[in-house]
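Chemist: Structure for this input, please:
(chains A and B)
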Amino acid sequence: MALTPDDWSAVWLTLKLASLVTLLLLIVGTPIAWWLARTRSRLRNVIGAVVALPIVLPPTVLGFYLLIVMGPQGPVGQLTDALGLGRLPFTFAGLVVASVFYSLPFVVQPIQNAFMAMGERPLEVAATLRASPWEGFFHVALPLARPGFITAAVLGFAHTVGEFGVVLMIGGNIPGKTQVLSVQIYNHVEAIEYAQAHGLAAGLVAFSFVVLLALYTLGGARNTLGAGQ
Amino acid sequence: MSGLFLQCRLPLADFVLDADLTLPGRGVTALFGPSGSGKTTLLRCVAGLARAAGRVDINGECWQDDARRIFLPTHQRPLGYVFQEASLFAHLSVRANLEFGLKRIPAAERKVGWDAAMDLLGIGHLLARGPDKLSGGERQRVAIARALLTSPRLLLMDEPLAALDAKRKQEILPYLERLHDELAIPILYVSHSPDEVARLADHLVLLDQGRVTASGPTAELLARLDLPLALDEDAAVLVDTQVVGHDEEYHLTRLAFSGGTIKVTRKALEVGARARIKIQARDVSIALTGDNRSSIVNRLPARIRGFGDAAHPAQCLVSLDACGTPLLARITRLSKDQLGLQEGMPVVVQIKSVALLA
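Modeler: Numbering: from 1, shown residues only, chains lettered A, B, ... in the order given. From the prediction side, this is the model:
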């Protein structure tokens, strides 16, 4: 049951997608998590609920609306058209954007929990030692929240690898562009190529197990996992 | 202008913190009061960690003045802050913790040297360790050194000993006394322990429900019957004395003050040195004349200034004047009536024990 070139292409595409999405999520998710952990604004619960939506929504619902928003009639679609970027649906870029939304809560929540567990005190201490708020953030808050960031990165990566519904809605099934692992497995099963499906599916099971095992062994992830889901 | 001027007004959950204080610009000032009286909040307002309405002026430097719209954020105030619980950064070694503040101070403004801080707090051997490998007392000493290394112009200490057991307290108190004696940095020290106050504070501020009930030299306030300090089990007075001689045969040291001479067990002090002693009210008894024989060595003539309530209804407090030095005695009401003690009466006080503080 050697993997076909299309299979390998799907594996590579999936890893590329998950890495890029994880990186973007850490950049986007950290300020959101920081804000959610520290704000006293009444908007806190609203934003928190919006961020958490992908946890409860069927991925097809999320994919459907993203498709509409990014499509020719949607505001984002018209914007990308106007900027000469073309349209996002059925492209790798579209897949990246959709995945960022889809995996956002899995990155924001562990980081937010880590910031909240740390409390205000370390930052106050930093301020009494002449550190500006930015220095306090980079030299105290980020290092202290490190376990949260590790959990967030692993969960964000793994969750992106495992997405299916959103990919189908927004990316379709284009080899080399949007045909990721989960979709390729579906293709094999449709074509009754069970051996091929096994190759990829078993690989994915092993991968997920190793990731979670590493997470639990490194420690610090148990609480965050429990709280995030 | 020398001195600390604090005007802070801040509504809290149960009361309004409303303090207007002028404090000496040097030495240790203790903020004393029961838990929840606003001591810590006042300290946080001085640090800029909490924002009260008012003014904060530290030896001529303005940190906050609402009238002039000045409010320096905490990291721009040249202060040191020691928190109640250990506040070392868990991700940094002891050395990196100490350097965290130090490296932000321009070399020209460093007045407290690295070696001096290591010596003063005795932490030179701990540098390579992580904070989790230190005892509670060691952690607090590192936290104090870390604050000192920023060469602060005001040191704020929020019950730095509260989280420690009695043994660790005794381990750290001598270091605090050295801070007081060797550095010219004014210290605001929050405490609810009369013992710490007596040992460390030159000036005392009493807070209750966010209001200042008294502010003055520690020795003066401790001897007042109308303040809650007198109700404490450990009510005591402080007396500043001078060493006038030693009695080699009986291993005693003689300390003189305005009210006479007191003998204490031999201390390694030079003649002429100043010594502050603490005399607890429970260790002072009263006799009508000095001619009864007893084992008590220290007897002084004094005059009764007045009476006050003690915590227990069986007892009362007697305020005494020993030729200008205030003393406190706690005796039973029964003795008071049996001896017929009255205001203005000359008596003899018998002092059972004396603690030498510094």
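Chemist: tell me the SS of B:L164?
Modeler: Secondary structure for B:L164, judged by DSSP: H, G, I helix; E, B strand; the rest coil, is coil.
Chemist: Would you mind confirming that it is in contact with B:S135?
Modeler: No. In this structure, B:L164 is not within contact of B:S135 by C-beta atoms under 8 Å, at 9.1 Å. In short, each C-beta sits where N, CA and C put it, glycine included.
Chemist: what's the closest non-adjacent residue to A:I32?
Modeler: Leaving aside its sequence neighbours, A:I32 sits nearest to A:V108 (C-beta to C-beta, 6 or more residues apart in numbering or on different chains; 5.3 Å).
Chemist: buried stuff in the one helix or strand in chain B whose mean pLDDT sits lowest?
Modeler: None of the helices or strands of chain B scores lower by mean pLDDT, DSSP states H and E than helix B:166-182, at a mean of 79. By neighbour count on 16 or more other C-beta atoms under 10 Å in any protein chain shown, the buried set for helix B:166-182 is B:168-169, B:171-173, B:175-176, B:179-180.
Chemist: Show me what that helix is packed up against.
Modeler: For helix B:166-182, the elements it packs on are helix B:114-121, helix B:136-148, helix B:194-200, judged by 3 or more C-beta pairs under 8 Å, 6 or more residues apart in numbering or on different chains; DSSP states H and E.
Chemist: picking that back up, of the buried residues of helix B:166-182, closest to B:V205?
Modeler: Distances from B:V205 to these, taken as C-beta to C-beta, are shortest for B:H180 (16.6 Å).
Chemist: ok, the nearest residue to the closest one once chain neighbours are set aside to B:L200 distance?
Modeler: Spatial nearest neighbour of B:H180, chain neighbours left out: B:V28 (5.3 Å); criterion: C-beta to C-beta, 6+ apart. From B:V28 over to B:L200 the distance is 5 Å, taken as C-beta to C-beta, to the nearest Å.
Chemist: Quickly list what's touching both of these two.
Modeler: Shared contacts of B:V28 and B:L200, defined by C-beta atoms under 8 Å, 6 or more residues apart in numbering or on different chains, are found at B:180, B:189.
Chemist: Take the buried residues of helix B:166-182 and write them to TSV, including distance to B:S37.
Modeler: Output for these, formatted as TSV (distance: C-beta to C-beta, whole Å):
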residue	distance to B:S37
B:R168	25
B:K169	21
B:E171	28
B:I172	24
B:L173	23
B:Y175	27
B:L176	22
B:L179	25
B:H180	24
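Chemist: which one of those is nearest chain A?
Modeler: Of all those, chain A sits closest to B:L179, with 16.8 Å by C-beta to the nearest C-beta.
Chemist: Tell me the helices and strands packed up against the top helix by length along chain A.
Modeler: Determined from DSSP state H, the single longest helix within chain A is helix A:5-38. Helix A:5-38 makes packing contacts with helix A:43-56, helix A:92-118, helix A:146-161, helix A:181-190, helix A:194-218 when contacts are defined by 3+ C-beta pairs under 8 Å, 6+ apart.
Chemist: residues near residue 4, how many?
Modeler: You didn't pick a chain, so chain A it is. 14 (other C-beta atoms under 10 Å in any protein chain shown).
Chemist: Chain B, not that one
Modeler: Residues lying near B:L4 (other C-beta under 10 Å) number 20.
Chemist: I figured it hits B:P24, correct?
Modeler: Yes. Using C-beta under 8 Å, B:L4 makes contact with B:P24 at a distance of 7.5 Å.
Chemist: Please list the residues of chain A that sit near chain B.
Modeler: By C-beta under 8 Å from any C-beta of the partner chain, the residues of chain A that approach chain B are A:121-122, A:124-133, A:136, A:139-140, A:143-144, A:146.
Chemist: Narrow the residues you listed to those that are buried.
Modeler: Buried members of the residues of chain A next to chain B, scored by 16+ other C-beta under 10 Å, are A:122, A:124-131, A:136, A:139-140, A:144.
Chemist: distance of the closest residue to B:Y175 other than its chain neighbours from chain A?
Modeler: Nearest residue to B:Y175 in three dimensions, chain neighbours excluded: B:L121, at 5.4 Å (C-beta to C-beta, 6+ apart). Distance, B:L121 to chain A, using C-beta to the nearest C-beta, to the nearest Å: 16 Å.
Chemist: List the contacts of B:L121.
Modeler: Per C-beta under 8 Å, 6+ apart, neighbours of B:L121: B:141-142, B:144-145, B:148, B:175.
Chemist: Tell me which of the residues of chain A next to chain B fall in helices.
Modeler: Using DSSP H, the members of the residues of chain A next to chain B that fall in helices are A:121-122, A:124-128, A:133, A:136, A:143-144, A:146.
Chemist: how many neighbours does residue 16 have?
Modeler: You didn't pick a chain, so chain A it is. Neighbours of A:K16 under the rule other C-beta under 10 Å: 13.
Chemist: Chain B was what I was after
Modeler: 13.
Chemist: Work out which residue lies at the spatial centre of chain A.
Modeler: The centroid of chain A falls nearest to A:S103 when counting by C-alpha atoms, centre = their mean (3.0 Å).
Chemist: distance of the residue lying closest to A:V189 once chain neighbours are set aside from chain B?
Modeler: In space, and not counting its chain neighbours, A:V189 is closest to A:A197: 5.0 Å by C-beta to C-beta, 6+ apart. Using C-beta to the nearest C-beta, one obtains 46 Å as the distance from A:A197 to chain B.
Chemist: So A:A197 sits against A:S182, correct?
Modeler: No. A:A197 sits out of contact with A:S182 when judged by C-beta under 8 Å, with a separation of 11.1 Å.
Chemist: which residues touch residue 218?
Modeler: Answering for chain A, as no chain was given. Contacts of A:L218 by C-beta under 8 Å, 6+ apart are A:147, A:150.
Chemist: Can you look at chain B instead?
Modeler: Taking C-beta under 8 Å, 6+ apart as the contact definition, B:T218 lies against B:30, B:197-198, B:201-204, B:238.
Chemist: Distance to chain A added to these, as JSON lines?
Modeler: Output for the contacts of B:T218, formatted as JSON lines (distance: C-beta to the nearest C-beta, whole Å):
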{"residue": "B:A30", "distance to chain A": "20"}
{"residue": "B:V197", "distance to chain A": "23"}
{"residue": "B:A198", "distance to chain A": "27"}
{"residue": "B:A201", "distance to chain A": "22"}
{"residue": "B:D202", "distance to chain A": "24"}
{"residue": "B:H203", "distance to chain A": "23"}
{"residue": "B:L204", "distance to chain A": "24"}
{"residue": "B:L238", "distance to chain A": "31"}
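Chemist: which one of those has the most neighbours?
Modeler: B:A30 (28 neighbours).
Chemist: Where does it fall, secondary structure wise?
Modeler: strand B:28-32 (DSSP states H and E).
Chemist: Now tell me what touches that strand from outside.
Modeler: B:4, B:23, B:39, B:42-43, B:180, B:186-192, B:194, B:196-197, B:200-207, B:218, B:229.
Chemist: what angle do it and helix B:166-182 make?
Modeler: 140 degrees (axes from the mean of the first three to the mean of the last three C-alpha atoms, to 10 degrees).
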